[in-house]
Each structure stands twice: as structure tokens, then as C-alpha cells.
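>>> heads up, no residue letters with this:
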């Protein structure tokens, strides 16, 4: 068991050599005396913020008055915060946790989005962790309760929140589930269930996360007028809708075409509504370069009732839905709302003769080819590199790239896909 604990310690704290400090010494110095860093260590942190932390971790002998182990943690945390939580990085005096907590915390841009969904008088974050979500959502409420069972994270929150102008947030060191049972109702509850097992491996299913929000759902909707739950972006959206009974909204959040979060909003509904089916609004949010694009909102009934037009051929423009839309799958509605035709029921690519403001990538079609050797040779003459995508096609990108002898990159885009006729084609495009 001691070996297991040591390995976990090294996983959480990857920048320090094994012999720099013991687990016990590290926890003692980091979390009990974290406010007592020497002036030399504080100066070192400021002077070396841009340096490679892996190299700094090996230089303890050069700086005998500097706590290198702590300096490395703080420099690494600040470097991550510059990209992930820039307003924290701009605030002098913020103390950062080891690498794993920084890796798992929300980004500022997604935290701000979640904050835009709620407001009121009272807010409780039951799984507060480092407190990024709590810090941004908490700005929308008068009374805020940060609940976290780990003493070290509570200490960080007590230190950091006043520096961020968040003195109204009250820290509660407690198990979130036990706190939930005894708390008074609030306007909004927030949970970000842990998505790692005891071995550090990632989990996805709701029932495998801690706490299990499916089991807690009746109590959650009793204690929170609105309940916001952040789930894994890898989770099957429709399994969440089947397992949770009080879902009223789902937000699929993508940043620069990468799916980052799946946020579920619960509100208590009557037994009659549950019996006939609670109509859930699904919102696909695509954030591009820190700007929120127009969201695509729909219900499953709207998707079921929509008419999807299939294309006889590839027309002048090609469209690929953004990743939030691919996650939520409103494929019929995309065709109906934007007057575009789908290449195949399973291809998830669309086409039109005139350019439309489609929520995703848009391309000018240069040409279309089958996969005969002579046809392909002529089609790709002079092309040595391209950005390759496969949709509903019996080969991977790597396999097809090897076959076509193409390097990655350039301003040319190739889509390998299947048409409604069953023909497999390669579509050559440039961004529109």
C-alpha cells in the first residue's frame, strides 16, 4: 500500500525528482505553510515564470535559499493559468495546486458561459475543488457556499478568493453528499462529479462518477431550485437523458471546435409531466476565439418531426457541422433549418448550390472523384499534402493518407465519404 501511495504522489507532482522530498514532507510544507514562502522563493517564482519547470526542478543545488519544489508547482500552475484561467494569472498572489488539479479544473471561458445561465440570491457548489466554476458562477449570487472535503483545496480557496474580490464566498470543508442532506434549499446547486477512479483512470458514465447524481437526483431537485451538473464531454448525451428524470436543458459546449463540456440543468417537475415526457431543450454552443456564436437550440421532438433532404450529388458548397452539433445530432433539423441537403443519412455532411451561414465548417467544392486508380491519379495530380477527413467511409484517416501518399497540411481539404447512391467519393475543397 505504501508503494501505491508513493506512485500516486509522483503522478500528482510530476516535476520533482523522487528524492527531493517525501510525500509527508511535501504535504506538510505545501498545505500547512503555503503562506510562509521565503522572500527568496517568492522572488524566484516571479523571475522564472517563463522557464521550463522540468529543468528548474533539477536545480535545487544552485538555489539553497529557495524552496524549489514549491516554486516549480507555482510556476507550472501559473503557466497553465495563463492559457486556462487568464484572470487568475493576472492576479498577484494566487496560489496554485499540483498539476492534476490544474488539469481537471474548468477553463475561464467555459466557467463564464455556465455563469451566464443562472443568477439569484443563494448558490452552493457541492464539489468545488480548486473553485474556478464557483468563482465565476458565484459572481451572479449574493450568498455563495464553496463545499469541498479536501483540506488543502479549502486552504487554497480561503487564500485565493479574497484576492479575486470574492470575499462573499463562504468556505465549508465537508463531504458534498453529507452537506447536501443537511443544507437549506438554495436558488442554484452546482456539481462537477469526479471522473477518475481510484487508480487515476478516467471514467465517463454518470453512475461511475463520484458522487452518483442519478442516485442523488430526487434530493438535488429538492434542495436546488435549479441544479447544474457538469458531465464528461465523452458521455453519450442520450444516456444522460434516459438516466436523469428532471432534465430541462442540456448545453453542449465546444471551444474552437473541441467539445469541452456537457452541462445538464435539472429542475423539479410534476409527476404528470414526468409521465407524459419532459421536453428537454438541447443547446449547442460553439465558442470561437473567445466569442460565442449563435447557439443551435432544439428539442428531440423537433428533430424527429423535421424533414431531411438527401442530395443526389455534391453541389457547389460542402458543410461539416461543428463538434457540438455532431455530439447532439440534430441532423434532420440542420437540413431543414439551413435548406441544405445531406449527402447520406449516415455521412453527416451537407451540400448546397448557394453558400449559407451554416454552423460549422464551410467549403467551396473544387471537384469530386471516385476511387478508381486512374481517376484518383488525375484528381490528385500535383497535390502532395492536404487536410483529410473521413465520414461514413470504410477506412481511417491514417490508412487513407497512406494509400493516397499525402502529407498533412496546406489549404486544401479532402473529404472521403459515401453518397446516398452508395458511391464512395473523395471531395476536394477549400474553405469558403
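Received it, and whenever you're ready, just let me know what you need. Since this is a predicted model, take the numbers as computed values, not measurements. Numbering: from 1, shown residues only.

>>> excluding its backbone neighbours, what's nearest residue 385?
residue 407 (3.8 Å; CB to CB, 6 or more residues apart in numbering). The C-beta positions use only the backbone N, C-alpha and C, and glycine is treated the same way.

>>> continuing past the longest helix along the chain, what's the next helix or strand?
Counting residues, the longest helix found in the chain (DSSP state H) is helix 68-84. Next helix or strand after helix 68-84 toward the C-terminus (DSSP states H and E): helix 86-89.

>>> flag every buried residue along the helix or strand just after that next one.
Sequence-wise, the next helix or strand downstream of helix 86-89 (DSSP H and E) is helix 99-104. For helix 99-104, a neighbour-count test (16 or more other CB atoms under 10 Å) marks 99, 101, 102 as buried.

>>> just stretch 56-74 next, same as before
In stretch 56-74, the ones that count as buried by 16+ other CB under 10 Å are 56, 57, 60, 66, 67, 68, 69, 70, 71, 72, 73, 74.

>>> equivalent analysis for stretch 391-406, please.
391, 392, 393, 400, 401, 404, 406.

>>> can you redo those residues as a markdown table with secondary structure, pLDDT and distance to residue 248?
Shown next, in a markdown table, are the buried residues of stretch 391-406 (DSSP: H, G, I helix; E, B strand; the rest coil; pLDDT from 0 to 100; distance: CB to CB, whole Å):
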| residue | secondary structure | pLDDT | distance to residue 248 |
| --- | --- | --- | --- |
| 391 | strand | 96 | 32 |
| 392 | coil | 96 | 33 |
| 393 | coil | 97 | 38 |
| 400 | helix | 96 | 42 |
| 401 | helix | 95 | 44 |
| 404 | helix | 94 | 47 |
| 406 | coil | 95 | 47 |
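
>>> the stretch 151-300 of the chain: strands as residue ranges?
For the stretch 151-300 of the chain, the strands defined by DSSP state E, counting those that start in this stretch occupy 169-173, 186-191, 224-231, 247-255, 258-266, 281-288, 291-292, 296-299.

>>> which helices and strands does the fifth one pack with?
So the one you mean is strand 258-266. helix 108-115, helix 213-223, strand 224-231, helix 237-243, strand 247-255, helix 323-328 (3 or more CB pairs under 8 Å, 6 or more residues apart in numbering; DSSP states H and E).

>>> can you tell me what sits against the second one?
Contacts of helix 213-223 from elsewhere in the structure, counted by CB atoms under 8 Å, 6 or more residues apart in numbering, are 177, 180-181, 183-186, 189, 191, 193, 206-207, 227, 229, 243-246, 266-268.

>>> need the strands for the stretch 301-432 of the chain, in chain order.
Going by DSSP E, counting those that start in this stretch, the stretch 301-432 of the chain shows strands at 317-321, 341-342, 350-352, 360-369, 387-391, 413-418, 424-431.
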